[in-house]
Every structure is written in structure tokens, then in C-alpha cells.
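> any chance you can model this:
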Amino acid sequence: MDHHDDESRAASGDHHGKQDDEEAVARFEEMKKLMEAKIALRRSNLNPERPDSGFLRTLDSSIKRNTAVIKKLKQINEEQREVLMEDVRNVNLSKFVSEAVTAICDAKLRSSDIQAAVQICSLLHQRYKDFSPSLVQGLLKVYVPSKSVEDLDADKNSRAMKKRSTLKLLLELYFVGVIEDCSIFISVIKDLVSSEHLKDRDATQTNLTLLASFARQGRVFLGLPFSGHEIQEEFFRGLNITPEQRKIFRKSFHAYYDAVSELLQSEHASLRQMEQENAKILNAKGELSDENASSYEKLRKSYDHLYRNVSSRNASEVLTILCFLFHRLAEALDMQPPVMPEDAHTTRVTSGEDASSPAAGKDSSVPEALWDDEDTRAFYESLPDLRAFVPGVLLGEAEGKANEQSVNTQEQPAESTLEADQGQQETNEIPGESGILNDSKNLDKGKEKEDKDNFKDAEKKGENEKEKLKGVEVTNLDALLQRLSGCVSRDLIDQLTVEFCYLNSKSSRKKLVRALFNVPRTSLELLPYYSRMVATLSTCMKDVSSMLLQMLEEEFNFLINKKDQMNIETKVRNIRFLGELCKFRVAPAGLVFSCLKACLDEFTHHNIDVACNLLETCGRFLYRSPETTVRMANMLEILMRLKNVKNLDPRHSTLVENAYYLCKPPERSARVSKIRPPLHQYIRKLLFSDLDKSSIERVLRQLRKLPWSECEDYLLKCFLKVHRGKYGQIHLIASLTAGLSRYHDEFAVAVVDEVLDEIRVGLELNDYGMQQRRIAHMRFLGELYNYEHVDSSVIFETLYLIVVFGHDTAERDVLDPPEDCFRIRMVITLLETCGHYFDRGSSRRKLDRFLLHFQRYILSKGSLPLDVEFDLQDLFADLRPNMIRYSSAEEVNAALVEHEANERHVSEKSHSERRERRSNYEKPPVRIPSNNAPSANGQRLVNGDDENGGLHEDVLDSDTGSGGSSTIDHDDEMDEEIHGDDGDTDEDYDDRDAPGSDEDNEFRIRQKVANVDLEEAASFEQELRAVMQARFWITSFFFNI
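Have a look, this model is predicted:
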């Protein structure tokens, strides 16, 4: 499918390429025909064959017909060229040549009408000898300045357009041979480049336009290279322009270019300097003095006169137009325009778009970022381009694009505006003289009537369809506006904005603005998204933002002037909306500052809330923006002074402080990063970055390879910082400790000692900032038990230490306040980690006893927070689901007494049973007869050399299987009796399967000494000696043989 798409694209590309080639060939042929026609016309004009007087008498010489033709000459255009030329051929104007010249000079020609005028002038030149001199004199009068008051007060724009069209007509008449002497252009150019005109901004702008047009159209006068085809170059080479004349033209243009360049740079510098000074005053004081404002207004108005059609309130924009015209002149002369010095710290007085000093209001040399993070920046600055999603017709930009295309095909923007004005004036004047054209219009009257009837019917049908479409659009718009309240994300509001563009109309925009303005006063979370929608639409629909800002400003003024203590939510909504629009650069900063100043002028009651909400919304943005930093800093200082002077209530005081420090956080010294040696950095990387389930073996190998003599202390320090890593990886640190204990036993012991010390130090200090560390250490200790690195006795000693530490001292309320439940969390953490292993033997009894003491400790805390209570319920359900939770200390004490009594009773009973078993065990269960000695194959003799333990083992081996097992059980019971329930190591025998026991891989069986008959032992020794002696003699006998 992709291959098919590629082929289709290639085919379409070839098609477009062929089409472009065909268009280029067509344009070349058209230009070739035009140049050939000009060459033929030039030949006819240079050698005219004028008719004699007899032929002229045959033509119509009536005053009526000549007057009608002269009137038509005042309205020369391309559409009426053939008709007008036919009229000129059929009349005798020999007595009305001066009137015809006057009519042609007064005609308001557009660029498209120049060729028609050239054709008519050529026809008149070929027929009447005195026409050309009179025409040249009449056209040159346009460039002679008139001293009459009426002319001075006339529209200067129309005069400029007249000069431009006249200059183009003169050039075309010279090219076709109607005018043979090019010296007339020297006088015109010298007048345009006169230094006196530089003092007048209107004249400078007009002259720049004329000179640029002359330089492009008459490159042959300046000796510039041609950019056209060969036929065009051949045509221009045929003009009789001497090198001296070209030198005069070049000298005039270059001198004027230098003068205008110097003027432009000086005006640019003065304007920038004034704007910079005014920007400093505006940022510092918020307003300009009357003197500065008036001087700036004068300079602005002087530049406004350069271009009347520019609807700009900033003088710098008018200066830009002057630069644009100057650049056009430079391009026409093939010269490089000068680079204007740009001041990066200049701020526009009215727009405030450029930056003043970035660090003007801050002590730090590095400016802060405008946004806190990238998502916030994208939300407020990365707006969707509606032109990429919506056709330009729906955005109302079709006319603008058509105008731009027409400008590109004809002239530069400045010239096109002049032509547009001229064309508009022509269209206004043509209907007044439309009676002259009745002859040409009478031919189409019948067809026009039929077309009008058909058009009326079509209009009626179109109106009906429009009414239906309007009803559908209203329904769709209402549904869209109802979805506004649900747009709580950037994607949703952007999608809704694009959908609204398909319903775009003036009434729809008004309804949308009203819906945005009436946002619920409690739905403040919608304001950023509504503001984003307004900012996106304002790129194509300027009236949306202006209408909404006007409504918000009027509402603010109404609420601030009402001075009642009601509708605080409406006031907050209004000011927050303005703040959000300011962050999208829709609302100007001046409007926000005026609202803030109004609140500070009367800093009481609701005005305090409004000012603080405004600062919380856009205060940080304005403080970090370079162009408003100084003014915002001054406003914040005024705010803090008012707070210190006025006796505000605690709520308002807190609001002011929060708003102030949100905009201007307290300065802190930069954190200096700690420089660690590479070995320490590698250790931290292994433990805090690389360590996980899959890499624990590799990390262990790498730690073993380290130079332990150099880094053992730092390793111990890092192992104890388990709170710096992930809580879920503490068990991995414990596993590493157990793994390293096989190779570095002292390190593992040091880890356990340091953990216990840290737990005790935490109990002694009871610092709130250490709670995370203390919880991590409790988890670490439990994991060390899980990995068989500590005994259960250490766990229970730690548990009892947590419960009772500091309770018998005067600092009890400091070390363990009654309302502090952190020790309960510590116990819960430790038991959740390793408590499930205490489920058999003495460890189970110890945990039961501790849980009773723990319940008594819990009851001493009173009512517990819900999260602690839930954790306790989970703990008891996991470890002892059948244990009773007591509700009073008396019940717990009674349970403890009962538990101790039961343990004492069980202990006494087990002691008595063990005594009976011990008395039975001390009697030999089996008597070994002497005749069984040889069957032992020497084993009896060897075991007899050992002490009583070896004999006891032999006796056990001679017992039956059941008897052996009962003896082992009896030995365990006797061991339990000797050590008792309170011994420290009894759980090591009972909990053989527990991971925390120290001797998991060996049985510890306590061995007892049995009584032996002395006579039997003596007889056994005699028999043994006899057997050994007999074996010696037999061996010697066989050796001798």
C-alpha cells in the first residue's frame, strides 16, 4: 500500500511538474508576444505616418462627438481600450489636442490601465504631431509643487498615487517611442532626490516609493544588469541612453541612498532611546509624566504621517514601514541595506513586548525561568494553529489572502495600498459619469433582465436554505456551549475550539463570549482552559478577546466601586480570569497593574482578597517577565508596607504573606554539591542506583572486589543510609549484609551494632525529622533477622526497649508524649517484617507475652488516629488472629497475671516430669554382655577409650529405633527443664526451622554420663589383652614361615 502511495505521489509530482513547465512556456510566449508588440509599436511611433488634412476632414469633427471622446479619455481602463481606440480613430481631434492631453493627464490610472493608456497615446501621437510635446509638458506638471493653499490641504495620498502612475506612464511612453528624449527623467529624479524633501516625512515616504518603482522598471537608466530574457534585453538595448546620462542617474540615486540611510539610522536611534527611557519610567512608576508623554506623542505622530493607512499606535511600526521602503530601494539598486542597531533591552512603551533589563529588578545575575516546568510552559505558550485545522474561509481570512496574492503579483505592500485607494476612488467616480458608456451597455440590456429574474429566484431559494442552516447552526452552537463546563483538559478545550471555528459568525462569537464570561463563580478550575480557548481564537478572531476583556474590566470597575462586602466569589472569579488571560498575553499587563493599584489604594476587606488572588494567579508570571519585573517588585513592596502598617486580622495577614512569597520567594544560597572521590561515587551507584532483584549477585561480587581497607568505613556508612534509597529495596541491603558476612564477619557485626545504636539514638532524641530514618532502620533490623543474621532475642529486646524507654524518667513527656504514636508505628513495622516467623516454641510464647505488654502501651495513648488503628488491626489479624484486644489496662494486667500463672504451672509440671525421666534415664536401659565383645570388630574397644560420652552413644546405638527416638525426646525435655522458659537460647532448639536461629544446620543434643560396673570393666580389659596377645603370636608365626 505504501508502494502504491509512493507511485501515486510520483505520478502527481510528474503531473504538477509538467503543468508548471506548460505554464512557464505559456508565460514566455505571452511575454514574447508583448515584447514583439512593443517593438512594433516603437517602430511605428519613431517613424509615424501621419494622415494629411484631407483625410482628417472625412472624420467626425463635431463638438458633441469630440466632447464625448474627451470625457472617455479621463476614464481610460483596460476594459474599454478597444472601444475608446475605435472612437479616437473615427473622430478628428486636431482642434482638440490640448483638451485630449488635459483629459489624459487628469485620468486616474491604475497599474493595469497603463498599457491601455500607452496604446491610446501612441495612436494620438501617430496622428497628431503636436500631441507628444503637449503630453510631456502636461505630465511633468504633476511633479511641480503647487503653492496654493487648496493644493497643500488636498489629500496627499492621492497626489502620491498620481505621481506614481504618471511616472510609470512616462517610462512606458519612452519605451514605445512616444517620448524620444530621456532628459525629462533627469529633471524628475533630481527633484525627487532633493535633500529638502527629507525634512518632510510624507514626501520622504512618497519619494522612496517612486524611486524604488523607477529603479525596478527603468534599470536601463542606471546601467543595472537585466534579469529577463534575451528578447527583453534586445529591446532595452535599442534605447538611446548615453553613458553620461546613466552616470547622472546613478550618482543621484546613490547620493539619495546615503542621505536616507543616515536619516533612518538617526531616527531609529532617537526613537529607541526615548522608548527605553519611557520604559524605565513606566516600569518603575507605572505611568509617564506629562512632559515625557507629550514628547513621545509628538515623535509618534511625526512617524504616523509617513503612512496614513497603517493603523498603528506605536511609532516603531511606522519606522518599520520606512525601513521597508528603504530596503526596497536598496534591492532595486542591487545594494546591501544597512543593518539597524537593535537594543535587546528596549521596551515598547505601549506594547511591552521587548525586554527591558532582565536583571533590573532582581539581585541575581541569572534570570529565573518564566514557567516552573515544561508542561506549564506548553499549556500557556504552545497554542494550536487554527489555520492548520480549519479552512481560511471559515476564519474570515479569504479576503486577506486574496489581497496578499494580488499584492505579490503586482507590487510590494506599500504600493498595493496606494493602488487600492486609487482604485476605490475610481470606482466612486465612475458611476457619476456612466452616461457616456450607455452606448456600450445598451447591447446587453436584454440579457441583463433575464439574468436579474433568474438571480431573484436563486436569491429566494438561497434565503430559505440559509434560514434552515441558521437553525441547525444555532442548535449546534447551543450544544457546543453546553460542553464548555466539561472541558477540563488541554485536549478537550483545543478540540472544542476547532469545532467552534466551523460555526464561526459574528453572533456566534458574541454568544461564546457571553458563555465564557458567565463561568460559574465556584468553578475556578475552568478559568485556565477558558483563557486558553480565548487565546487560541484571538489569533484569528480579534473581537473575541476584546469583547471579553471589555466585559471583565467593566465588571471589575463595577464591583470595586460598589464597596460592599458581598459577592466575594464573583470578585475572585473576575480577577482570576483577568490573571489567566494575562498569562496567555491576551490581557495587557497595564490592565492587571491598574486593577492591582485600585485594590492597594483601598486595602481593606474584600480588596485584600482580590489583590492576593490576583498575585497568586499571575503575580509570579509578571515578576519573572523581564518587561514587568521592576514594576511588579515595587507593587510587592507596597503590599508588604501596607500589611505592616495596617492592623490586619490573621487570615488576611497570612493571605498577604503567601501571595508575596509566591511571587517573590525568599532568597537562598545555592546548594553546593558535595564532591566525592570516584570510589565513593561508585559505591553509591551500586547501592542506590543499580541494586535490584536481578542485579544483587553482580553488586555483591563488585562489593567483594573493592579495596576493603580503604572503603570499609564508607561502606558501613552507606549501608546505614537505607532511608536514602527505596523503601522496597531495604531487604536487598540486608541480603547483601548477610552475603558479605561470610567474607567480612566484622563488617556484618558492625552493621548490626550501628543499626541498634541508631534505634536507641532515635528514642533518645525523638526528632520529628528523623522519623523516616527510624522507620527504615526498624525495617532493616527485621530484614536482618529474616536473613538469619541476628537472634530473636535481639528482636524482643528491641521491642521491649521501644515500649519502655524513658517511661521511668522525668523526661517522659518529651521522649514519648501521650499523643505521639510513632513508637507504635515502629513496633508495627518491625513485627510486619519478621513477626510471622514467631509461630512455634518459646518464640511464640515470647511474642504472646510481648503483645500483651504492647496492648497495655497502646491503651496508655488514648484514642489513636484511624491510620494507626487500621495498621494495628492488620497486624493482629496477621500474627494472632485469635488474640483478644482488650479495652482497658485492668483487663490487660489481669491477662498478664493469668498468662504468667499458666506459664508457671506448665513449667512446674514439666520439671516434675523431667525429674522422673532423668531418674529412669540414669539406669542403663540395656546391659551389654561380655560375649558380645568380639562382634563389635574392635569398635567397642575404641569407644571404650573415649569417655562416658562414647559409651553413651554406643548404648544408644544398641537400642531399638523407638527407644532411640524416645531418648532424644527425653533429652530435649530435660534440656528445656534445665534452661527454663526464660533462657536466651531455648528458642534455638525449638525453632529449628526458623530463619533467625543461629544453628539451623546442626542438632544440639545434650549428652548424659552413665554409671559403669568396675568389675565388669576390669574383666573386659583382661579379655582384650589376651585377644591382642594371641593376635600378635599368630602374626609372628606366619611371618617366620
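> show me the shaky parts of the stretch 451-600 of the chain.
451-473 (pLDDT under 70).
> switch the cut-off to 80
451-474 (pLDDT under 80).
> run through the helices of it in chain order.
490-501, 506-517, 527-537, 542-562, 568-583, 589-601 (DSSP state H, counting those that start in this stretch).
> can you lay out those as JSON lines showing mean neighbour count and distance to Gly619?
For every residue, glycine as well, the C-beta is placed using N, CA and C. Shown next, in JSON lines, are the helices of the stretch 451-600 of the chain (neighbours: other Cβ atoms under 10 Å; distance: least, Cβ to Cβ, whole Å):
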{"stretch": "helix 490-501", "mean neighbour count": "17", "distance to Gly619": "23"}
{"stretch": "helix 506-517", "mean neighbour count": "17", "distance to Gly619": "23"}
{"stretch": "helix 527-537", "mean neighbour count": "23", "distance to Gly619": "15"}
{"stretch": "helix 542-562", "mean neighbour count": "16", "distance to Gly619": "17"}
{"stretch": "helix 568-583", "mean neighbour count": "22", "distance to Gly619": "8"}
{"stretch": "helix 589-601", "mean neighbour count": "19", "distance to Gly619": "9"}
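> any idea which of those helices gets closest to Gly806?
Closest approach to Gly806 among these (Cβ to Cβ): helix 568-583, 50.0 Å.
> so which elements touch that closest one?
helix 527-537, helix 542-562, helix 589-601, helix 606-614, helix 620-624 (3 or more Cβ pairs under 8 Å, 6 or more residues apart in numbering; DSSP states H and E).
> and the first one, what other elements does it pack with?
Just to be clear, that refers to helix 527-537. helix 374-381, helix 490-501, helix 506-517, helix 542-562, helix 568-583.
> now that helix - C-alpha only, PDB.
C-alpha atoms of helix 527-537 as PDB (Å, rounded to 0.1, in the frame of the first residue of the first chain):
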ATOM      1  CA  LEU A 527     -10.600  29.600  34.000                       C
ATOM      2  CA  PRO A 528      -7.300  28.400  32.600                       C
ATOM      3  CA  TYR A 529      -9.000  26.400  29.900                       C
ATOM      4  CA  TYR A 530     -11.400  29.200  29.000                       C
ATOM      5  CA  SER A 531      -8.500  31.600  28.800                       C
ATOM      6  CA  ARG A 532      -6.600  29.100  26.500                       C
ATOM      7  CA  MET A 533      -9.600  29.000  24.200                       C
ATOM      8  CA  VAL A 534      -9.800  32.800  24.000                       C
ATOM      9  CA  ALA A 535      -6.000  33.000  23.300                       C
ATOM     10  CA  THR A 536      -6.300  30.400  20.600                       C
ATOM     11  CA  LEU A 537      -9.300  32.200  18.900                       C
END
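> in the stretch 101-250 of the chain, where is pLDDT below threshold?
If you take pLDDT under 80 as the line, the stretch 101-250 of the chain has these spans: 111, 142-160, 177, 180-247, 249-250.
> could I get the helices and strands packed on helix 568-583 in CSV, plus columns for distance to Asp60?
Putting the helices and strands packed on helix 568-583 into CSV (distance: least, Cβ to Cβ, whole Å) gives the following:
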stretch, distance to Asp60
helix 527-537, 64
helix 542-562, 58
helix 589-601, 71
helix 606-614, 82
helix 620-624, 79
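> residues in contact with the closest residue to Leu686 other than its chain neighbours?
For Leu686, ignoring the flanking residues on the chain, the nearest one in space by Cβ to Cβ, 6 or more residues apart in numbering is Val699 at 5.1 Å. Counting by Cβ atoms under 8 Å, 6 or more residues apart in numbering, Val699 makes contact with Leu686, Leu687, Asp690, Leu691, Leu736.
> just the buried positions in the helix or strand hosting Val699, please.
Per DSSP states H and E, Val699 falls inside helix 696-704. Buried residues in helix 696-704, counted by 16 or more other Cβ atoms under 10 Å: Ile696, Val699, Leu700, Leu703.
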